[in-house]
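1. Pasting a predicted model and its sequence here:
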There are 2 protein chains.
Amino acid sequence: MKKYITIALVLLAFSVKAQTVQSPSKELTLDFKLTENGRPSYTLTYKTKPVISKSLLGIYLKGDSDLATNFKIDSIGNFTFNERWKPVLGEQSSIENHYNQMTIALSQTTTKRRVNIVFKVYDEGMAFRYEFPKQPNLNYFIISDEKSEFNLIGNHKAFWIPGDFDSQEYTYNETLLSEVDTEKLDLNNGIGLKRIFGKYGVQSPLMMKTSDGLYLNIFEAAVVNYPVMHLDLDTKTFALTSHLVPNAIGDKAYLQASCVTPWRTVMVSDDAREIVSSKMILNLNEPSKITDTSWIKPMKYVGVWWEMHVGKSTWDYAGSQNAQNTESKELIASGKHGATTENTKRYIDFAAKHGFDGVLVEGWNVGWEDWFGNWKEDVFDFTTPYPDYNLAEINAYAKSKGVKMIMHHETSGSVANYERHLDRALELMKKYDYPAAKSGYVGRIIPRGEFHDGQTMVNHFNFVARRFADYRMMVNSHESSRPTGYHRTYPNYIAAEAARGNEFNAWSNGNPPMHETILPFTRLLGGPMDYTPGIFEIKMSHYDKTKKEQVHTTLAKQLALYVTMYSPLQMAADLPENYEKYPDAFQFIKDVASDWQESKYLEAEPGDYLTVARKDKKSENWFLGAVTDENARNTEIKLDFLSPNKKYKAIIYQDGKTAHWEKNPINYEIKTMTVTSKTRLKLVLAAGGGTAVSFVPIN
Amino acid sequence: MKKYITIALVLLAFSVKAQTVQSPSKELTLDFKLTENGRPSYTLTYKTKPVISKSLLGIYLKGDSDLATNFKIDSIGNFTFNERWKPVLGEQSSIENHYNQMTIALSQTTTKRRVNIVFKVYDEGMAFRYEFPKQPNLNYFIISDEKSEFNLIGNHKAFWIPGDFDSQEYTYNETLLSEVDTEKLDLNNGIGLKRIFGKYGVQSPLMMKTSDGLYLNIFEAAVVNYPVMHLDLDTKTFALTSHLVPNAIGDKAYLQASCVTPWRTVMVSDDAREIVSSKMILNLNEPSKITDTSWIKPMKYVGVWWEMHVGKSTWDYAGSQNAQNTESKELIASGKHGATTENTKRYIDFAAKHGFDGVLVEGWNVGWEDWFGNWKEDVFDFTTPYPDYNLAEINAYAKSKGVKMIMHHETSGSVANYERHLDRALELMKKYDYPAAKSGYVGRIIPRGEFHDGQTMVNHFNFVARRFADYRMMVNSHESSRPTGYHRTYPNYIAAEAARGNEFNAWSNGNPPMHETILPFTRLLGGPMDYTPGIFEIKMSHYDKTKKEQVHTTLAKQLALYVTMYSPLQMAADLPENYEKYPDAFQFIKDVASDWQESKYLEAEPGDYLTVARKDKKSENWFLGAVTDENARNTEIKLDFLSPNKKYKAIIYQDGKTAHWEKNPINYEIKTMTVTSKTRLKLVLAAGGGTAVSFVPIN
């Protein structure tokens, strides 16, 4: 009886006062409280500054019931977690996962349904998710909405892109929250398929800076069997609310208890480097489900790809003729096809000569004559090469040269078609020993009515990773939903594009110089990006005098991106003939590592600059990348990350004296010097410029 | 110049007078005419009786344009076609395809778009379809609706089931058209998933009889890349209009010119036998696309199946425990599982002993603990057997006995899941030399929002047939959209259920005695039905005294169904132990053929009775089946189908003197007599009864 009273008192106490959990550093404080009508709410405080004011949490079910009101607290569980784990590939060989957890077990007085809200507080941020335990009154259920609020304290500066169910391929807008308005955007931006959902909808990760110098980031982790979360913004109160991507009939998610939602994350720090270097998103994902990961390897690759973007050749074999719908079924070669046996051998030779691991070939398979824009279902079969592409010959040739071929699977958004051909596609890859494929999702999704970011597609992308794992193969998806750390669980999901990549510079208004200073604070928090850097012929007028398009960086900045844009899969995207014109600069791409022992974010300001140093996983070499936005920048870097008792030969690839991303982008200079950990290195970055440095120990 | 004038005059003439095409017999007359605002219309006349009064035709496109108005006639082409072709399997070894065709080439004055309406007039009916030629102004297009009218002349008697996007598993209603009302139906009918779309919606094939004795049937043929057509009825004017099944977002069909719609068919005759025996639907389909058809063979089979329906055993292994969602992932056997190695061997022994070709086993694979009703996506993987089902052992045993195993693929409606596992499922079948699978679609479709009868699913069922053909395997689909002759094109699509099968008698209000007298006039016009006849233990009280359910026929009628319900795949559905109790009656099932040289429909009246004689394709044996509805029936049959110079031993399996489907269903008698083609055979059918006869030449 006494025990009973004690519990009752504790339960009473639960309802009245806030439940608190702090970060290990005690700088971040999360308070949870039920409101009067039993609604879960929380606040977040950094040091003494409020970051998130009282924000409600709740799930709404299809058919008029909710998991948002009439809750009481059944129990509260707290514990501290601290471990180190080793990613298969990564920015560092070992990652610390250290947080304090508070689990609020709730039950609904009206329905007896139970929901746990779990908070994990890290030094650099807080995460929560909803858990639905196995229970009698909740088995299968359909989520009609999730209303998780993030009520911000002020009119922060935000780096935002419009909330869109189908694309993240936008340039970032840097405005106050009060100025967010998707209707004012210029949408003539080269994006093939858009589905903006509202005037004040924005995407996560949403990077912000407060007027008093705090950096905030709102994102999510471990999006598995759930749609992507976008955000609705109230531009007057600065309240953000989760906006889940619907399916064809307006439902958000189909779940079965026991199950969990993705983690909703709020990162906060007064040092931007804490956020850009955070491994919180990875930590919030499940450990690898692949036991033997020996076949998962970093790759640097070249490919028959950029030449199509610049108009030198085409993906299709027969031009505008319709490959799969001509009456004759006969394709007549246009003579401009890029993926020929001969051209591919040229890339293989180039890769072999310069030590690249792989060659990607796009446009190798039948279907490109009529692949985009018609919501066509049977576009590609992923197994039938064009008549001028001899699969067996090419693969034998690559093998003889010690080069791996990288397969390409463009789906055109016709996912139903891809799934029903996937085993056949993978069998073909197995036959020829392909280690990896790049997949693409340019187009409206089939099953029709689905969006790129809905639960169906999230499940598809994850399914593809798992199926590739069955075959011990890696996948690099483009136009997928943006990663949220699932590559911890399936490390063969080696990279994704899922943001505005370098390719947009070839044929659209491109990516402004600040673009690459923002992506590490947003898209890259979720996983490696196949940005495809390394463009040396910056201006498209090189190919066609009438063209105005260009890459919005200097050449030196293209080199720096190999360090600043983390990916274990890195393309040298430009044409072999262009690299051969600049062999000294090309040397950096050949030298730079792609898997790391350690990473040091030395300087960081979203939208302005980023300087990173990384140590090769397999050697004592270090590499440094520094990038700036449209403003030139001088800085001095301490090399104290280097081993104290070593001398290093530093090769510095930097912007030339007259370099400027627009006026003189190819102007660069290369200096060699001997440095130690005591050296202070001056970096001089042009407008839209960058610096890349390699450090090799001298005996 | 002169030629020009002539054409102009001809074109003028087109617009004014009707264009006519008649059947080869000249008994059926189709008149086509454009209305004043350029709308296509037709009428149909049988002998001198109008059958269809002026009915409009037209297609509506998504986004406000149509292919229904403002047409002019560009040209008219007529020709006669007559050929014989040989089906791989069928009711007869050779089929005549004889019709007169009229192609009306139309162009829209407002858009220059072109549409052909093609009419084929056979002796027993008329078919039309829309053709969209390759053209500049119409490439990819989305059909928002098709409005093809069939304006009937009077208040005919109709055999109808409610228009439903997901199911055809209804009992037939026999009412006047004016009495059609889906809201008055008792829907407590055992159907797992229904989606009735309107008060006056009915399904095709719609069988009717006019007050002056004409038989009418409205249906469709060659439903390929298009949704199923249901019908909207005006119960006052007796106008019928096509009602296409929508997809998840309300669209009807995604097409690319050149392309065609399915054929819309109107059969008409004053002799019901002309309709029930018609091969028009098959003739309207494309010839076989499978070149080597040697592996497509008829099969008689038994299976671990009915014992689950009667409650003797279960599909699941572990009862109500949730196989794929328990925390432990450990299944604990309930002890009631049907698909055990031991039990399967019992069926293999039985099949071997009695000369059956195959053994079907349902419930062999993991997933049945939680397979239905929750719109669950990952239900089955189609490759993982339960712990008590030893695939290798069973298949080796079957091989040693000369029996083929038939695979079972229940999808639970989760088609996305099935498609992504299909190659693996088929590889497993190949490994063990399975010739065929039965597939099932019980449940709401995934991709969510799709219906069983939409374009997506039509394409799925056809895709599955093609993929099985890749592996030289046959498929028998249950709960698919009803066939419309695609088995001519893919003869490995050997059968389907796609109507209310015998199984409903085990656990619902069942199938009334007239059911099997209607199906040959409706469902079977489109293709073979796996009705699963042969139930000897008619009453479910045999298994459980408290049960009231029963098969609504006599035992003798169950035998007759092997002849009256054409299928090259025939199950002996009852339990081995039940057949062993009635070995004399069972002999007919063992003897009856399932592929035919010739078929003679001797007597036919929809809803009342049917008498059919068929000649085995591989011998001189004939088999006769006669069935009646709830009324007893005496009739006399001329045996003039037998060879004139032969004597035959006739074994007659008929209802006993006190037989009655409800009061005494198992009462039967077997007589043997010698007959010739001159013999007149008296048939005595009990209420809900039937007669089966085998005729074997004597020397």
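-> That came through fine. Numbers count the residues shown, from 1 in each chain, chains lettered A, B, ... in the order given.

2. drop to CA atoms for contacts and neighbour counts, all remaining ones
-> Fine.

3. model confidence over stretch A:452-464, on average?
-> What stretch A:452-464 shows for mean pLDDT is 98.

4. before we move on, what about stretch A:670-685?
-> Mean predicted lDDT for stretch A:670-685 stands at 98.

5. what about the closest residue to residue A:98 other than its chain neighbours, how many neighbours?
-> Residue nearest to residue A:98 in three dimensions, not counting chain neighbours: residue A:82, with 4.2 Å by Cα to Cα, 6 or more residues apart in numbering or on different chains. Close neighbours of residue A:82, defined as other Cα atoms under 10 Å in any protein chain shown, add up to 10.

6. Tell me if I'm right that residue A:82 and residue A:95 touch.
-> No - contact criterion Cα atoms under 8 Å: residue A:82 and residue A:95 do not qualify, at 10.5 Å.

7. hmm, back to that, contacts only, for the residue nearest to residue A:98.
-> Residues in contact with residue A:82, defined by Cα atoms under 8 Å, 6 or more residues apart in numbering or on different chains, are A:96, A:97, A:98, A:99.

8. What strands line up against the host helix or strand of it, and which way round?
-> Assessed by DSSP states H and E, residue A:82 sits inside strand A:71-85. Sheet pairing here is set by DSSP bridges, and for strand A:71-85 it gives strand A:95-108 (antiparallel).

9. What are the buried residues along the strand it pairs with?
-> A:95, A:97-108 (16 or more other Cα atoms under 10 Å in any protein chain shown).

10. From the chain's centroid, how far away is the lengthiest helix in chain A?
-> Assignment by DSSP state H gives helix A:415-432 as the longest helix of chain A. Here helix A:415-432 is found 25 Å from its chain centre; the criterion is Cα atoms, centre = their mean, to the nearest Å.

11. Next secondary structure after it?
-> Immediately after helix A:415-432, counting by DSSP H and E, sits strand A:436-440.

12. Mind giving me the packing neighbours of that next one?
-> strand A:404-410, strand A:474-478 (3 or more Cα pairs under 8 Å, 6 or more residues apart in numbering or on different chains; DSSP states H and E).

13. quick one, which of the ones you listed is nearest to chain B?
-> Proximity to chain B (Cα to the nearest Cα) singles out strand A:404-410 among those, at 16.1 Å.

14. Run the angle between that closest one and helix A:415-432 for me.
-> Calculated by axes from the mean of the first three to the mean of the last three Cα atoms, to 10 degrees, strand A:404-410 forms an angle of 160 degrees with helix A:415-432.

15. Dump strand A:404-410 to CSV, restricted to CA.
-> Output in CSV follows, covering the C-alpha atoms of strand A:404-410 (Å, rounded to 0.1, in the frame of the first residue of the first chain):
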residue,chain,number,x,y,z
LYS,A,404,36.3,-1.4,-62.0
MET,A,405,33.2,-0.4,-64.0
ILE,A,406,30.4,1.5,-62.2
MET,A,407,26.9,0.6,-63.4
HIS,A,408,24.3,3.2,-64.1
HIS,A,409,20.6,2.8,-63.3
GLU,A,410,18.4,5.7,-64.3
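
16. by how many degrees do that strand and strand A:436-440 diverge?
-> Using the same axes, to 10 degrees: strand A:404-410 against strand A:436-440 is 20 degrees.

17. What are the contacting residues of strand A:404-410?
-> In contact with strand A:404-410 (Cα under 8 Å, 6+ apart) are residues A:357-364, A:380, A:382, A:395, A:398, A:429, A:433-442.

18. how about 7 Å then?
-> A:357-362, A:382, A:395, A:398, A:434-441 (Cα atoms under 7 Å, 6 or more residues apart in numbering or on different chains).

19. burial count for the closest residue to residue A:606 other than its chain neighbours?
-> Leaving aside its sequence neighbours, residue A:606 sits nearest to residue A:518 (Cα to Cα, 6+ apart; 5.1 Å). Close neighbours of residue A:518, defined as other Cα under 10 Å, add up to 26.

20. Would you mind confirming that residue A:518 makes contact with residue A:605?
-> No - between residue A:518 and residue A:605 there is no contact under Cα atoms under 7 Å: 8.5 Å.

21. I believe residue A:580 is in a strand; please confirm or correct that.
-> No - membership of residue A:580 in a strand is not supported by DSSP: H, G, I helix; E, B strand; the rest coil, which gives helix.

22. If we ignore the residues flanking it in sequence, what's nearest it?
-> In space, residue A:580 is closest to residue A:586, 7.9 Å off (Cα to Cα, 6+ apart).

23. Please list the residues of the stretch 151-300 of chain A that sit near chain B.
-> A:248, A:249 (Cα under 7 Å from any Cα of the partner chain).

24. show me where the stretch 151-300 of chain A has strands.
-> A:157-160, A:173-176, A:201-203, A:206-209, A:215-221, A:229-233, A:239-244, A:253-256, A:259-260, A:263-269, A:299-304 (DSSP state E, counting those that start in this stretch).

25. Measure how the last one sits relative to strand A:404-410, angle-wise.
-> Relative orientation of strand A:299-304 with respect to strand A:404-410: 60 degrees, computed using the same axes, to 10 degrees.

26. still on that earlier bit, for the strand holding residue A:82, C-alpha coordinates in CSV please.
-> Written as CSV, here are the backbone C-alpha positions of strand A:71-85 (Å, rounded to 0.1, in the frame of the first residue of the first chain):
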residue,chain,number,x,y,z
PHE,A,71,-1.9,11.8,-22.0
LYS,A,72,-0.7,11.0,-18.5
ILE,A,73,2.8,10.1,-17.6
ASP,A,74,3.2,6.5,-16.6
SER,A,75,6.9,6.5,-16.0
ILE,A,76,10.1,8.3,-16.7
GLY,A,77,13.4,6.6,-17.5
ASN,A,78,16.8,8.3,-17.6
PHE,A,79,20.2,7.0,-18.4
THR,A,80,23.5,8.0,-19.8
PHE,A,81,25.0,6.4,-22.9
ASN,A,82,28.6,6.5,-24.0
GLU,A,83,30.4,4.4,-26.5
ARG,A,84,32.8,4.6,-29.4
TRP,A,85,32.1,2.8,-32.7
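
27. got the buried residues for it?
-> A:71, A:72, A:73, A:74, A:76.

28. With stretch A:20-29 instead?
-> A:20, A:21, A:22, A:23, A:24, A:27, A:28, A:29.

29. List just the nearest of these to residue B:341.
-> residue A:21 (56.2 Å; Cα to Cα).

30. Double-check residue A:697 against residue A:645; I have them as touching.
-> No - taking contacts as Cα under 7 Å, residue A:697 lies outside contact range of residue A:645: 10.1 Å.

31. Between the two, which is the more surrounded one?
-> Comparing residue A:697 with residue A:645 by other Cα under 10 Å, the one with more neighbours is residue A:697, at 19 against 9.

32. Tell me the residues of the stretch 301-450 of chain A that contact chain B?
-> Residues of the stretch 301-450 of chain A lying near chain B (Cα under 7 Å from any Cα): A:374, A:419, A:420, A:423, A:447, A:449.

33. Now for residue A:333, how many residues are close by?
-> 15.

34. Equivalent analysis for residue A:183, please.
-> 12.

35. If I look at residue A:14, what pLDDT would I see?
-> pLDDT at residue A:14 comes out at 57.

36. follow-up on the earlier one: may I see the helices and strands packed on strand A:436-440 organised as TSV, with mean neighbour count and mean pLDDT added?
-> Converted to TSV, the helices and strands packed on strand A:436-440 look like this (neighbours: other Cα atoms under 10 Å in any protein chain shown; pLDDT from 0 to 100):
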stretch	mean neighbour count	mean pLDDT
strand A:404-410	25	98
strand A:474-478	26	98
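
37. Let me know which of those strands is the nearest to residue B:184.
-> strand A:404-410 (51.2 Å).

38. now the angle from that closest one to strand A:474-478?
-> Using the same axes, to 10 degrees: strand A:404-410 against strand A:474-478 is 40 degrees.

39. Centre of the chain to strand A:404-410, how far?
-> 20 Å.

40. which residues in the stretch 451-600 of chain A form strands?
-> A:474-478, A:493-496, A:569-571, A:596-605.

41. deepest of those strands, which one?
-> Comparing the strands of the stretch 451-600 of chain A by mean neighbour count (mean count of other Cα atoms under 10 Å in any protein chain shown), strand A:493-496 ranks first with a mean of 28.
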